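S.K.: Okay, predicted coordinates and the sequence, questions at the end:
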Amino acid sequence: MPTAISKELKEESANIAKEFADVTVLFADIIGFTEIAASMSAIQVVNLLNSIFSTFDRLTEQYGLERIKNIGDAYIVVGGLPTRRPDHAQAIALMALHIQTAIALFNTENNQNFNIRIGIHSGSVIAGVIDLSKFTCDLWGNTVNIASCMESQGIVGKIQVTENTYKSLCNEFLFQKRGEIEVKSKGIMTTYFLVGEKG
């Protein structure tokens, strides 16, 4: 849980919710994990996921981001909260690129064949803690839903971003335009694939 929110919870035992007008959300899903995990013991599955997500956690810390949670083999991270920062999209983009590198290295070192599919969107969210028994920080809003769709409707091995995120990054990063796609519950959206840094 973000330190600022933990501190606030200690000072007042009440539900916490704040709106953040400008953040970037990343969803990453490990492709092929379910099939490979089916042939492993429970402890092997947990150890494998722990190894991968520990690497992601180090990248999250390196870029000053906040991990929200992981759901099975999916990983959710946000830039721009609880401390607001103007370069949240840039930090998320760098992490996304390094996640791809980390998965490739993990495959080489562990003789695996995992791949990653990543979706990113920038916009406003509501962040808060509503379950005081577990003290879990979560995000809500269209930005979260769209970032999730960017991942689920993306292409394996690619980092798909919305036009919002693209506009924040196009001067510093390289993109390949995917074009218009039908996004679940959102209609037609123009999307791009993040390829790398310029220079």
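M.R.: Thanks, I have it. Numbering: from 1, shown residues only.
S.K.: which stretches of this structure form strands?
M.R.: Using DSSP state E, the strands of the chain run over residues 16-31, 66-71, 74-79, 115-129, 137-140, 159-162, 173-183, 187-197.
S.K.: Confidence-wise, which of the ones you listed is weakest overall?
M.R.: Among the strands of the chain, strand 137-140 has the lowest mean pLDDT, at a mean of 77.
S.K.: helices or strands next to that one in the packing?
M.R.: In terms of contacts (3 or more CB pairs under 8 Å, 6 or more residues apart in numbering; DSSP states H and E), strand 137-140 is packed against strand 66-71, strand 115-129. In short, each C-beta sits where N, CA and C put it, glycine included.
S.K.: which ones are touching the closest residue to residue 190 other than its chain neighbours?
M.R.: Once flanking residues are discounted, residue 190 sits nearest to residue 163: 4.9 Å by CB to CB, 6 or more residues apart in numbering. Residue 163 makes contact with 189, 190, 191, 192 under the criterion CB atoms under 8 Å, 6 or more residues apart in numbering.
S.K.: coming back round to it: okay, the helices and strands packed on strand 137-140 in CSV with distance to residue 60 and mean neighbour count next?
M.R.: Compiled in CSV, the helices and strands packed on strand 137-140 are given as follows (distance: least, CB to CB, whole Å; neighbours: other CB atoms under 10 Å):
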stretch, distance to residue 60, mean neighbour count
strand 66-71, 5, 18
strand 115-129, 14, 22
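S.K.: Dump those strands into JSON lines; add distance to residue 102 as well.
M.R.: Output for the helices and strands packed on strand 137-140, formatted as JSON lines (distance: least, CB to CB, whole Å):
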{"stretch": "strand 66-71", "distance to residue 102": "14"}
{"stretch": "strand 115-129", "distance to residue 102": "9"}
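S.K.: right, so of those strands, which gets closest to residue 33?
M.R.: Checking the helices and strands packed on strand 137-140 against residue 33 by CB to CB gives strand 115-129 as the closest, at 9.5 Å.
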